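Visitor: Pasting a predicted model and its sequence here:
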Amino acid sequence: MTRTGRIAIAAALIVATLFATAAADDLRVTARVDRTTVPLGQTVTLTVTAEGTMRQVSAPSLPPLQAFVVQSSGSSTNMSWVNGQMSASKSWSYALVPREVGEFTIGSVEIEFDGDVYRTDPIEVAVVEGGGATPPAATPERRSSGVDSEGREVFITTSVDRKRAFVDEQITLSFKFYRRINLIDRPRYSAPDLTGFWVEELGDQEEYYEVVDGLQYRVTEIKTALFGAKPGSATIGPATLSYQEGRSGFPFFSGGRPRTLTTRPIEVEILPLPREGRPADFGGAVGSFNVSVRLDSDSIPALSPVTLRIRISGTGNVRTVPAPKIADIPGFKTYESGTSTEITRKSNSIGGVKVYEHVIVPQASGTLTVPGVSFSYFDPARQEYERASSGDLTLSVTQAAPGAEPGMIPVPVAISRVGRDIRYIHERGDTLRPERAPIHARAWFLALQAVPLVGLVGALAVRRRRDRYAEDSGLVRYVKAPGAARRELRDAAARLKSGDRAAACSAVARAVTDFIGGRWGVSARGMTEPELMRVLGSAGADAETVERVRRLLSECDLGRFAGGVDRVEGDRLLSEAEECLKRLERLSARRRRR
């Protein structure tokens, strides 16, 4: 066979392999509802979508839904050609009419494909009192509108629920995408410039139908909570949406062209907080809050640490809630421990819980009193300053353990490895080198001919990956979690080398916590330790893994306090962190395979 023939055959095999890989199915199955709160007597629409295959997919298998009357609303198929790549999706719609008031879970929907079963995440739905007669089950939810469509088939709007608000009071921004036609590809949304605001997303986008000027439009709505950072005039910039003009069908013959829509900017006025009646200890919290305190133990020996947790919960921008002022507690030494924040989104309102932790060390035995905490905030609904307070706590302190030193926080002492055994050098024997073939007959030279083609396919793969990342922020967190954890551990090692052990403990805690958040799609930094352990338990982690992660995070927290930091054994801490991350990686891999 000639050299040209061998090159042609090699190139053909590479092309066939690459196209076979490109044609492999990457099925993604999702489920969503058009609203998570529905009045009794009205309908919630469940949409199940399978994306990523050109072949036939079986109809979904719904979970038991005894709390609803279920009616199928039909199915639809969409094909598109974007950036030289074909994609297809099929959606099934179901109208669910609730039978009673309460909190219900729509379980995982299953789709079988190529012998594998794909499952969606469960969805929580709240059924509340209200509504009226039940609409026909097959009819989608419709809403009336005062928007002027000007006869357009596609248009977008932005609006706010109020144009005057106090500093740090929530303003709800609503972006709506109206369309009367099926588009060729997936539109790309660019959020407006929100400089001067704290920004919190209000859950997933909502899908429903709305009647505008006598015409029915399908609407996609995205809501965002904004909190003005300072008084004065503020501008919500224009939002943009890009799409391919033309109706869906065969994408090769659509004849469409790119179009971009832009909304008008919105001016809002941010009012300063009133000076009249402002308490002296007011720190800037705006909303409606409660405060409580607790100790993690009711009885301890003297000179031993106990954790005091101050929990502030309610509605408002909890991220900006300052720490309550705590005076020196008689009979105790006090050390700041850490802060955790958990954000909740309910009924288009932002709220949550913020926990401040302090380690306190009683200096003498007896029955000691830990004073309660008082906390001031501004309630924008009542336009008044309010105060939340907690009661005092009682701590029973026994005699100190023999040998205990004042002010020292004991930490577990571990055995560290001080060296390794000798690894012997293995010598290589003499070998014969065969006569080399001519360059044009060598395998590497033939493979080199395929480099341009491989580079092209690689560029297309990178583009596809970038597009997937742009559409799915959770996937970005999932993929980048191991790299971020490794960077934090390298930072911890550098901190230990420079002698800053407290910072090293913080870096180790961030590495493990952020890895859990990225791989399981939760706001891990805002969770308490028991909540993190429940996440691992729900993911199928064994008891040993959960306990090792809990001990590691507890030691990191304790290592930041005065007295305990000097007893942190750095090499052992890093080694334990690496072992915990390896266990979490294996757990994540098992979950992804399922």
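Guide: Nice, I can see it.
Visitor: what about residue 456, helix or strand, and which?
Guide: Assigned by DSSP states H and E, residue 456 falls within helix 451-471.
Visitor: What angle do helix 451-471 and the helix or strand just after that helix make with each other?
Guide: Moving toward the C-terminus from helix 451-471, the next helix or strand (DSSP H and E) is helix 473-498. Relative orientation of helix 473-498 versus helix 451-471 (axes from the mean of the first three to the mean of the last three CA atoms, to 10 degrees): 100 degrees.
Visitor: How far away from the center of its chain is helix 473-498?
Guide: Once both centres are worked out by CA atoms, centre = their mean, to the nearest Å, helix 473-498 turns out to sit 17 Å from its chain's centre.
Visitor: now swap in stretch 585-594 and tell me
Guide: 18 Å.
Visitor: go on, stretch 37-47?
Guide: The answer for stretch 37-47 is 26 Å, by CA atoms, centre = their mean.
Visitor: Okay, buried residues for it please.
Guide: 38, 39, 40, 42, 43, 44, 45, 46, 47 (16 or more other CB atoms under 10 Å). Backbone N, C-alpha and C define where each C-beta goes, glycine included.
Visitor: Name the nearest of those residues relative to residue 210.
Guide: Residue 210 lies nearest to residue 45 out of the buried residues of stretch 37-47, by CB to CB, at 13.5 Å.
Visitor: Please list the outside residues in contact with the helix or strand hosting the closest one.
Guide: Assigned by DSSP H and E, residue 45 belongs to strand 44-51. By CB atoms under 8 Å, 6 or more residues apart in numbering, the list of residues contacting strand 44-51 from outside reads 27-35, 38, 57, 60, 73, 87-96, 98, 106, 109, 111, 113, 118, 120, 123, 125, 140-141, 207-208.
Visitor: would residue 581 count as being in a helix?
Guide: Yes: Residue 581: assigned to a helix according to DSSP: H, G, I helix; E, B strand; the rest coil.
Visitor: give the contact list for it.
Guide: Contacts of residue 581 by CB under 8 Å, 6+ apart are 482, 485, 489, 511, 512, 515.
Visitor: Residue 299 and residue 368 touch, don't they?
Guide: No: applying CB atoms under 8 Å as the test, residue 299 and residue 368 come out as separate, 10.8 Å apart.
Visitor: Tell me which residues of the helix holding residue 456 come out buried.
Guide: 457, 464.
Visitor: pLDDT of it, averaged?
Guide: Average pLDDT, helix 451-471: 74.
Visitor: In terms of secondary structure, what does it contact?
Guide: helix 3-22, helix 473-498 (3 or more CB pairs under 8 Å, 6 or more residues apart in numbering; DSSP states H and E).
Visitor: hmm, try it at 10 Å
Guide: helix 3-22, strand 85-98, strand 188-190, helix 473-498 (3 or more CB pairs under 10 Å, 6 or more residues apart in numbering; DSSP states H and E).
Visitor: so what strands line up beside the third one?
Guide: Applying DSSP bridges to the sheet, strand 188-190 is found paired with strand 240-244 (antiparallel).
Visitor: Tell me the helix or strand right after the strand it pairs with.
Guide: Later in the chain than strand 240-244, the nearest helix or strand by DSSP H and E is strand 258-262.
Visitor: Let me know the angle separating that next one from strand 240-244.
Guide: 160 degrees.
Visitor: Given strand 258-262, what are its sheet partners and their directions?
Guide: By DSSP bridges, strand 258-262 pairs with strand 240-244 (antiparallel).
Visitor: What residues sit buried inside the strand it pairs with?
Guide: Buried-residue list, strand 240-244, by 16+ other CB under 10 Å: 241, 243, 244.
Visitor: need the contact list for the first one.
Guide: Looking back up the chat, that one is residue 241. Counting by CB atoms under 10 Å, 6 or more residues apart in numbering, residue 241 touches 154-156, 175, 177, 187-190, 220, 259-263.
Visitor: Equivalent analysis for the second one, please.
Guide: For residue 243, the contact set (CB under 10 Å, 6+ apart) comprises 154, 156, 177, 179, 183-189, 256, 258-261.
Visitor: Give the ChimeraX command for selecting the buried subset of the residues you listed.
Guide: Selecting the buried subset of these in ChimeraX, with 16+ other CB under 10 Å as the burial test, is done by:
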select :154,156,177,179,183,184,185,186,187,189,256,261
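Visitor: So for stretch 263-278, mean pLDDT?
Guide: 94.
Visitor: Tell me the buried residues in it?
Guide: Result for stretch 263-278 [16+ other CB under 10 Å]: buried residues 263, 266, 268, 270, 273.
Visitor: Filter these down to just the ones in strands.
Guide: Taking DSSP state E as the definition of strands, these contribute 266, 268, 270.
Visitor: Bridge partners for the last one, pull those for me.
Guide: Right, residue 270. The partner residues for residue 270, given DSSP bridges, come to residue 165, residue 232.
Visitor: Equivalent analysis for residue 221, please.
Guide: residue 176, residue 206.
Visitor: Against residue 190, how distant is the closest residue to residue 188 other than its chain neighbours?
Guide: Leaving aside its sequence neighbours, residue 188 sits nearest to residue 242 (CB to CB, 6 or more residues apart in numbering; 4.7 Å). Noted for residue 242: a distance of 8 Å to residue 190, by CB to CB, to the nearest Å.
Visitor: Also residue 569?
Guide: Distance from residue 569 to residue 190, by CB to CB: 50 Å.
Visitor: Looking only at neighbour counts, state which of the two leads.
Guide: residue 569 (19 against 13; other CB atoms under 10 Å).
Visitor: Which pLDDT does the model give that one?
Guide: Residue 569 is given a pLDDT of 76.
Visitor: One more: residue 205?
Guide: pLDDT, residue 205: 81.
Visitor: I'd guessed it sits against residue 36; true?
Guide: No: applying CB atoms under 10 Å as the test, residue 205 and residue 36 come out as separate, 11.9 Å apart.
Visitor: what pLDDT does residue 83 get?
Guide: Reported pLDDT for residue 83: 49.
Visitor: show me the residues around residue 313 that make contact.
Guide: 288-292, 321, 342, 344, 351-355, 388.
Visitor: what's the average pLDDT for whichever strand or helix holds it?
Guide: Per DSSP H and E: residue 313 is located in strand 306-316. Strand 306-316 shows an average pLDDT of 92 in the prediction.
Visitor: Export that strand to CSV, keeping only CA atoms.
Guide: What follows is strand 306-316, C-alpha atoms only, in CSV (Å, rounded to 0.1, in the frame of the first residue of the first chain):
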residue,chain,number,x,y,z
VAL,A,306,-19.0,26.4,74.9
THR,A,307,-20.5,27.9,71.7
LEU,A,308,-23.0,30.7,71.9
ARG,A,309,-25.1,31.0,68.7
ILE,A,310,-27.1,34.2,67.9
ARG,A,311,-29.7,33.5,65.3
ILE,A,312,-31.4,36.3,63.4
SER,A,313,-34.2,35.3,61.1
GLY,A,314,-37.0,37.0,59.1
THR,A,315,-37.7,38.8,55.9
GLY,A,316,-35.3,41.2,54.2
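Visitor: Neighbouring strands - and their directions - for it?
Guide: Strand 306-316 is paired, per DSSP bridges, with strand 287-295 (antiparallel), strand 349-362 (antiparallel).
Visitor: quick check, distance from the helix or strand just after the last one to the centre of its chain.
Guide: As assigned by DSSP H and E, the chain's next helix or strand after strand 349-362 is strand 366-370. Mean-position distance between strand 366-370 and its chain equals 42 Å (CA atoms, centre = their mean).
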